[in-house]
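*Asks:* model this:
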Amino acid sequence: MTDKDIQLKAAPSKEAVVRYLRGEEGATEYLVKTFVERTVLIGVGIALLGDRENLVRNSLSASLAIELYLLWHYHRQLK
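*Replies:* Presented below is the predicted three-dimensional model:
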(Lines give C-alpha, C1' and ligand atoms only; values in the text may rest on other atoms or scores of the structure.)
Protein backbone atom coordinates (compact mmCIF):
# COMPACT_ATOMS: atom_id res chain seq x y z
CA MET A 1 0.00 0.00 0.00
CA THR A 2 1.37 3.41 -0.94
CA ASP A 3 0.70 6.83 0.56
CA LYS A 4 -1.58 7.57 -2.41
CA ASP A 5 -3.82 4.64 -1.44
CA ILE A 6 -4.45 5.96 2.06
CA GLN A 7 -7.10 8.67 2.44
CA LEU A 8 -6.95 10.11 5.94
CA LYS A 9 -9.56 12.41 7.39
CA ALA A 10 -8.32 15.77 8.68
CA ALA A 11 -7.70 16.07 12.41
CA PRO A 12 -10.77 17.28 14.33
CA SER A 13 -9.00 20.47 15.41
CA LYS A 14 -8.22 21.40 11.81
CA GLU A 15 -11.75 20.62 10.69
CA ALA A 16 -13.20 22.71 13.50
CA VAL A 17 -10.98 25.71 12.78
CA VAL A 18 -11.63 25.66 9.03
CA ARG A 19 -15.38 25.33 9.56
CA TYR A 20 -15.27 28.22 12.05
CA LEU A 21 -13.25 30.45 9.73
CA ARG A 22 -15.68 29.74 6.89
CA GLY A 23 -18.60 30.70 9.13
CA GLU A 24 -20.35 27.35 8.83
CA GLU A 25 -23.37 26.65 11.01
CA GLY A 26 -22.51 24.78 14.21
CA ALA A 27 -18.82 25.58 13.81
CA THR A 28 -18.46 27.42 17.10
CA GLU A 29 -19.83 24.47 19.06
CA TYR A 30 -17.53 22.07 17.20
CA LEU A 31 -14.56 24.38 17.87
CA VAL A 32 -15.35 24.45 21.60
CA LYS A 33 -15.81 20.65 21.62
CA THR A 34 -12.40 20.01 20.06
CA PHE A 35 -10.82 22.59 22.39
CA VAL A 36 -12.24 20.81 25.45
CA GLU A 37 -11.20 17.38 24.14
CA ARG A 38 -7.65 18.60 23.51
CA THR A 39 -7.53 20.23 26.95
CA VAL A 40 -8.54 16.94 28.59
CA LEU A 41 -5.92 14.99 26.62
CA ILE A 42 -3.22 17.47 27.58
CA GLY A 43 -4.42 17.37 31.20
CA VAL A 44 -4.14 13.59 31.33
CA GLY A 45 -0.58 13.79 30.02
CA ILE A 46 0.36 16.46 32.55
CA ALA A 47 -1.30 14.50 35.36
CA LEU A 48 0.69 11.38 34.47
CA LEU A 49 4.02 12.98 33.71
CA GLY A 50 4.07 16.56 34.93
CA ASP A 51 3.20 19.12 37.56
CA ARG A 52 -0.24 18.33 38.97
CA GLU A 53 -0.30 21.46 41.11
CA ASN A 54 -1.37 23.71 38.23
CA LEU A 55 -3.03 21.05 36.11
CA VAL A 56 -6.09 23.00 34.93
CA ARG A 57 -4.20 26.22 34.18
CA ASN A 58 -1.42 24.41 32.34
CA SER A 59 -3.84 22.28 30.32
CA LEU A 60 -5.93 25.28 29.30
CA SER A 61 -2.83 27.32 28.46
CA ALA A 62 -1.38 24.61 26.24
CA SER A 63 -4.67 23.98 24.47
CA LEU A 64 -5.26 27.70 23.94
CA ALA A 65 -1.79 28.13 22.44
CA ILE A 66 -2.51 25.33 19.96
CA GLU A 67 -5.94 26.75 19.13
CA LEU A 68 -4.57 30.23 18.48
CA TYR A 69 -1.85 28.84 16.25
CA LEU A 70 -4.37 26.82 14.22
CA LEU A 71 -6.66 29.83 13.83
CA TRP A 72 -3.75 32.01 12.69
CA HIS A 73 -2.30 29.36 10.36
CA TYR A 74 -5.53 28.47 8.58
CA HIS A 75 -6.78 32.06 8.48
CA ARG A 76 -3.68 32.94 6.46
CA GLN A 77 -4.33 30.08 4.04
CA LEU A 78 -8.01 30.90 3.55
CA LYS A 79 -7.45 34.58 2.76
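*Asks:* got a pLDDT number for the closest residue in space to Ser59 that isn't next to it in sequence?
*Replies:* The spatial neighbour of Ser59 that comes closest, neighbours along the chain excluded (Cβ to Cβ, 6 or more residues apart in numbering), is Gly43 at 3.8 Å. Placement of C-beta: from N, CA and C, glycine included. Reported pLDDT at Gly43 in the predicted model: 96.
*Asks:* neighbours around Gly43, how many?
*Replies:* In terms of burial, Gly43 registers 19 neighbours under the definition other Cβ atoms under 10 Å.
*Asks:* what sits against it?
*Replies:* Contact partners of Gly43, counting by Cβ atoms under 8 Å, 6 or more residues apart in numbering, are 55-56, 58-59.
*Asks:* repeat that for 10 Å
*Replies:* Gly43 makes contacts with 50, 52, 55-56, 58-60, 62-63, as judged by Cβ atoms under 10 Å, 6 or more residues apart in numbering.
*Asks:* same check on Ile66?
*Replies:* Listed by Cβ under 10 Å, 6+ apart, the contact set of Ile66 reads 13, 35, 38-39, 42.
*Asks:* so which strand or helix has the residue nearest to Ser59?
*Replies:* Counting by DSSP states H and E, the element that carries Gly43 is helix 27-49.
*Asks:* buried residues, that helix. List them.
*Replies:* Of the residues in helix 27-49, those scored as buried under the neighbour-count criterion (16 or more other Cβ atoms under 10 Å) are 27, 30-31, 34-35, 38-39, 42-43, 46.
*Asks:* average pLDDT for the next helix or strand after it?
*Replies:* With elements assigned by DSSP H and E, the helix or strand that comes after helix 27-49 is helix 55-78. For helix 55-78, the mean pLDDT works out to 96.
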